[in-house]
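>>> 3D model of this:
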Amino acid sequence: MDILDLARKSGMTVVLDAKIGRQEYRTVHGSVAALERFAELLAASMHDELAEQD
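From the prediction side, this is the model:
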């Protein structure tokens, strides 16, 4: 699961603030509505992953 991809799909903006060696530092910006969509997408993604394990 790519959590940054879920953030983008929910309408949030993901900004690369810095890259030091291999470590990347990012900031995620968005509205409360986008945060709610993110939570829904995350829950659905986790549900799908658990269903695949069964």
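>>> other SSEs contacting the biggest helix by length in the chain?
Across the chain, the helix with the greatest residue count (assigned by DSSP state H) is helix 32-53. Applying 3 or more CB pairs under 8 Å, 6 or more residues apart in numbering; DSSP states H and E, we find helix 32-53 packed against helix 3-9. Where you see a C-beta, it was placed from the backbone N, CA and C, and this is true even at glycine.
>>> Pull the helix it packs on out as PDB, backbone CA atoms only.
C-alpha atoms of helix 3-9 as PDB (Å, rounded to 0.1, in the frame of the first residue of the first chain):
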ATOM      1  CA  ILE A   3       0.100   5.800   1.600                       C
ATOM      2  CA  LEU A   4       1.300   8.900  -0.400                       C
ATOM      3  CA  ASP A   5      -0.600   7.600  -3.400                       C
ATOM      4  CA  LEU A   6      -3.700   7.300  -1.200                       C
ATOM      5  CA  ALA A   7      -3.200  10.900  -0.100                       C
ATOM      6  CA  ARG A   8      -3.000  12.100  -3.700                       C
ATOM      7  CA  LYS A   9      -6.100  10.100  -4.700                       C
END
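>>> what sits up against it?
14, 26, 28, 30, 38, 41-42, 45 (CB atoms under 8 Å, 6 or more residues apart in numbering).
>>> Same question for stretch 14-33.
4, 7-8, 10-13, 38.
>>> Can you check the pLDDT for Leu50?
As predicted, Leu50 sits at a pLDDT of 87.
>>> Number of residues surrounding it?
9 (other CB atoms under 10 Å).
>>> and if you look at Gln53?
For Gln53, using other CB under 10 Å, the count is 5.
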